[in-house]
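S.K.: need a structure here:
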Amino acid sequence: MKGGYMGKLLFVDLSKNTIEEKELTEDMAKNFLGGYGIGARVLYDMIPADADPLGPDNVIGFLTGPLTGTGAFFSGRYTVVCKSPITNAWNDANSGGFFGPELKKAGFDGVFIQGAAQKPVYLWIQNGKAEIRDASKLWGLDATETQEALVKETGEPKLRAALIGPSGEQISKLACVMNDGHRAAGRGGCGAVMGSKKLKAVAVQGDMKVPVADPEKLKAVNRTITAAMKDGPTKDMMAGFGEYGTGVGNAASALSGDSPVKNWGGIGVVDFGEEKANALAVPMFDGKYKTKKYACANCPLGCGAHYEVNEGPWSIGKTDRPEYETWAAFGSLCLNGNPESIMKCNEICNRMGVDTIATGATIAWAMECYENGVLSKEEMDGIELTWGNAEAIVQTMEAIAANKGIGAVLALGSQGAADKLGKGHQFLQTVKGIELPMHDPKLAPGYARTYQFNPTPARHVQGGLGLLQGTQGPEKYDYSKTGFLDLALVSNIEVLNASGLCLFGMFAGVNDATMKSIEAVTGWNFKNQDTRNVAVRIQSMRQAFNLKHGQKQEDLQIPPRAVGKPPQEEGPVAGITVDNERLAHNFFNYIGWDEKTGKPHKGLLEKLGGMDDVVQDLYG
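M.R.: Okay, here's the model as predicted:
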């Protein structure tokens, strides 16, 4: 391979205490690119269909993309893949920061870990060498403490780690994988999978150079992106994200119908109101709490910010500004207009290592249960979990972190808690057990298809029409011809994710930046048709994993509230019912999957190549 890859994958078996290097072939790289593409191809082979997601047969992978660590702008992402303990099917979770590039510089394109250790361990990788080390002294530490302890133990101040906090150790279904203190591979319970393996961390440090086929061409692409951010059509949007982060539109989203309200049963302008919505506007408190901006690796934007909160009932000191999804999950979804309480919840989530989206949504579900007498005050351990009660939200968050009483139940997630309690299912807002993210399909209908039928359900960053439609007019509700554009947008995001790029790379407004960056780094010829072929191959590989593990189309049901069944009677999306069935029909027709079974057509798989075993498994 000319560039973009270190050419090695690492395979670790914690039950056998073995480590093995394997070559990453050029065919594998060209067919599946990186990230969850290579992850899906490998896990399809490694994980038996009847594997317990929290058992030793499950495999968790940490994958980079060809652009990771190369200096390509926005290339700070990596992906965690596994069989989800929530859906019992495919799971991928994406994170920024610095871990991905450091793993690449340490000598590997990806790491796959199976088995389970007898006692806590961590994996230490440095400049092409790997070893399994005892983590008994790290067990019980929060995410921030673990990072500091790893640096001290190894003597490497440049060390980066993907790790779990106490919630992962406790096998919480809300648990995620943390890195850099505030970045999270958040969805699907991947932190619980690490905890089940007694794997506290994957720590990496490296000084190896990632090869780039044409450095000057890559620099030219970066210059084009810089120019577009300065003078292009999306310059104002990018400037807003750079200054205030993903929460720049908190207030507008809560009032426009973008942010879900009151566990998806409310209306922003009615139930939440302008006063609470404006209280969550980042410019209102950035000047009060922000101490410094920060950016992920190779990022020209810098959407992050360090905060310091030293006053009020939740004085947490140094912390980090929450992301939009966190503001909405603990804010409008719970009718909570207190920003300091959300910062407190965000800090607990970061330290304990739990997904803010799923956790906020689980608390909103519990709120509706409480308001309707499904959960009593006694069952809530005395917490009066009423709508908008900021103090009660923090108390519930602390109970989840402590994993005691009602907190231990809610740590299972809303679906797990409903199943455990045997009630409250009517208030769940989940697809296959995964809580919906914080963008409403009634405003951007394309999200309905993505949430319901993407191989990784209930994700807002998996591509499709939803990302485009938030600011469109009535034409977005024309479902007659959505398939072609839906697939085209999915293809762009699928390749962007697999290559190691951040979604902001697309928002910069340089349409061919991903393709040109891949060409510059790898030396390949990579055009529009290559993007389409690679994307459909990756989507179909992830879908094949789900089919192998028993997923049925009827398992994938989107909550009626999310698609306006019945429609809201007032507000910005009044009268809207999303035709999610037509959106799915159009998409399946264009991608080449059977609508009733979800199976990719045999001819499609044969044409794409690289999946002969999948054809055999599906069609004999």
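S.K.: where does the prediction get shaky in the stretch 401-550 of the chain?
M.R.: Scanning the stretch 401-550 of the chain for pLDDT under 70 picks out no residues.
S.K.: switch to 90 and redo it
M.R.: 467, 470-471, 505-511 (pLDDT under 90).
S.K.: what are the boundaries of the strands in it?
M.R.: Under the criterion DSSP state E, counting those that start in this stretch, the stretch 401-550 of the chain contains strands at 430-431, 434-435.
S.K.: and for the stretch 151-300 of the chain?
M.R.: Using DSSP E, counting those that start in this stretch, strands in the stretch 151-300 of the chain cover 160-163, 177-179, 183-185, 199-205, 290-294.
S.K.: relative to the fourth one, what are the paired strands and their orientations?
M.R.: With DSSP bridges as the test, strand 199-205 is paired with strand 121-126 (parallel), strand 160-163 (antiparallel).
S.K.: so residue 347, which of the three states?
M.R.: Three-state call for residue 347 (DSSP: H, G, I helix; E, B strand; the rest coil): helix.
S.K.: what's near enough to touch it?
M.R.: Residues near residue 347 by CB atoms under 8 Å, 6 or more residues apart in numbering: 316, 319-320. Where C-beta positions appear, they are placed from N, C-alpha and C, glycine not excepted.
S.K.: quick one: pLDDT of it?
M.R.: With respect to pLDDT, residue 347 scores 98.
S.K.: that older thread, got the contacts of residue 347 as TSV, with neighbour count and distance to residue 375 columns?
M.R.: TSV is the format used below for the contacts of residue 347 (neighbours: other CB atoms under 10 Å; distance: CB to CB, whole Å):
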residue	neighbour count	distance to residue 375
316	17	28
319	21	30
320	19	31
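S.K.: CSV for those residues, including pLDDT, secondary structure and distance to residue 146?
M.R.: What follows is the contacts of residue 347, written out as CSV (pLDDT from 0 to 100; DSSP: H, G, I helix; E, B strand; the rest coil; distance: CB to CB, whole Å):
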residue, pLDDT, secondary structure, distance to residue 146
316, 95, coil, 19
319, 96, strand, 17
320, 96, strand, 16
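S.K.: quick one on the thing from earlier: in TSV: the strands of the stretch 151-300 of the chain, plus mean neighbour count and distance to residue 89.
M.R.: Formatted as TSV, the strands of the stretch 151-300 of the chain follow (neighbours: other CB atoms under 10 Å; distance: least, CB to CB, whole Å):
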stretch	mean neighbour count	distance to residue 89
strand 160-163	28	22
strand 177-179	30	18
strand 183-185	27	17
strand 199-205	27	21
strand 290-294	13	35
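S.K.: count of neighbours near the closest residue to residue 515 other than its chain neighbours?
M.R.: The shortest distance from residue 515 to any non-neighbouring residue, by CB to CB, 6 or more residues apart in numbering, is to residue 526 (5.3 Å). The local packing of residue 526 (other CB atoms under 10 Å) involves 24 other residues.
S.K.: could you do residue 151 as well?
M.R.: Count around residue 151 with other CB under 10 Å applied: 17.
S.K.: surely residue 196 meets residue 57?
M.R.: No. With contacts defined as CB atoms under 8 Å, residue 196 does not count as touching residue 57, sitting 10.9 Å away.
S.K.: looking at those two, which is more packed in?
M.R.: residue 196 (21 against 16).
S.K.: residues contacting the residue lying closest to that one once chain neighbours are set aside?
M.R.: Spatial nearest neighbour of residue 196, excluding adjacent residues (CB to CB, 6+ apart): residue 54 at 4.1 Å. By CB under 8 Å, 6+ apart, the residues touching residue 54 are 85, 171, 192-193, 196.
S.K.: please apply the same query to residue 4.
M.R.: Contacts of residue 4 by CB under 8 Å, 6+ apart are 29, 66-67, 70, 210-213, 518, 521-522.
S.K.: so where's the stretch 201-350 of the chain uncertain?
M.R.: Along the stretch 201-350 of the chain, the model assigns pLDDT under 90 to residues 284-285, 311-312.
S.K.: now the helices for it?
M.R.: Using DSSP state H, counting those that start in this stretch, the helices of the stretch 201-350 of the chain run over 215-231, 235-244, 250-256, 273-279, 282-289, 324-330, 339-352.
S.K.: now these in JSON lines, with distance to residue 504?
M.R.: As requested, these are arranged in JSON lines below (distance: least, CB to CB, whole Å):
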{"stretch": "helix 215-231", "distance to residue 504": "9"}
{"stretch": "helix 235-244", "distance to residue 504": "7"}
{"stretch": "helix 250-256", "distance to residue 504": "17"}
{"stretch": "helix 273-279", "distance to residue 504": "24"}
{"stretch": "helix 282-289", "distance to residue 504": "16"}
{"stretch": "helix 324-330", "distance to residue 504": "13"}
{"stretch": "helix 339-352", "distance to residue 504": "20"}
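S.K.: just those: most buried one?
M.R.: helix 324-330 (a mean of 28; mean count of other CB atoms under 10 Å).
S.K.: sorry, back to before: so which of the contacts of residue 54 are in helices?
M.R.: 192-193, 196 (DSSP state H).
S.K.: quick one on the thing from earlier: could the contacts of residue 347 go into JSON lines alongside distance to residue 481?
M.R.: What follows is these, written out as JSON lines (distance: CB to CB, whole Å):
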{"residue": "316", "distance to residue 481": "50"}
{"residue": "319", "distance to residue 481": "47"}
{"residue": "320", "distance to residue 481": "43"}
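S.K.: what is the nearest of those residues to residue 155?
M.R.: Of all the contacts of residue 347, residue 320 has the smallest distance to residue 155: 26.3 Å, by CB to CB.
S.K.: contacts only, for the closest one.
M.R.: 181-182, 304-307, 346-347, 350.
S.K.: find the centremost residue of the protein, please.
M.R.: Nearest to the geometric centre of the chain sits residue 93, at 4.1 Å (CA atoms, centre = their mean).
S.K.: next one, pLDDT for that residue please.
M.R.: For residue 93, pLDDT reads 97.
S.K.: likewise residue 61?
M.R.: Reported pLDDT for residue 61: 98.
S.K.: before we move on, back to that, could you dump the contacts of residue 54 to JSON lines with distance to residue 434?
M.R.: Shown next, in JSON lines, are those (distance: CB to CB, whole Å):
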{"residue": "85", "distance to residue 434": "11"}
{"residue": "171", "distance to residue 434": "17"}
{"residue": "192", "distance to residue 434": "13"}
{"residue": "193", "distance to residue 434": "15"}
{"residue": "196", "distance to residue 434": "18"}
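S.K.: hmm, which of these are the buried ones?
M.R.: 85, 171, 192-193, 196 (16 or more other CB atoms under 10 Å).
S.K.: scan the protein for its longest helix.
M.R.: Under DSSP H, the chain gives helix 528-548 as its longest helix.
S.K.: just checking, what packs against that one?
M.R.: Applying 3 or more CB pairs under 8 Å, 6 or more residues apart in numbering; DSSP states H and E, one finds that helix 528-548 contacts helix 26-32, helix 35-46, strand 90-95, helix 483-499, helix 513-522, helix 580-591, helix 602-608, helix 612-619.
S.K.: so who does residue 586 touch?
M.R.: Applying CB under 8 Å, 6+ apart, the residues contacting residue 586 are 479, 481-483, 486.
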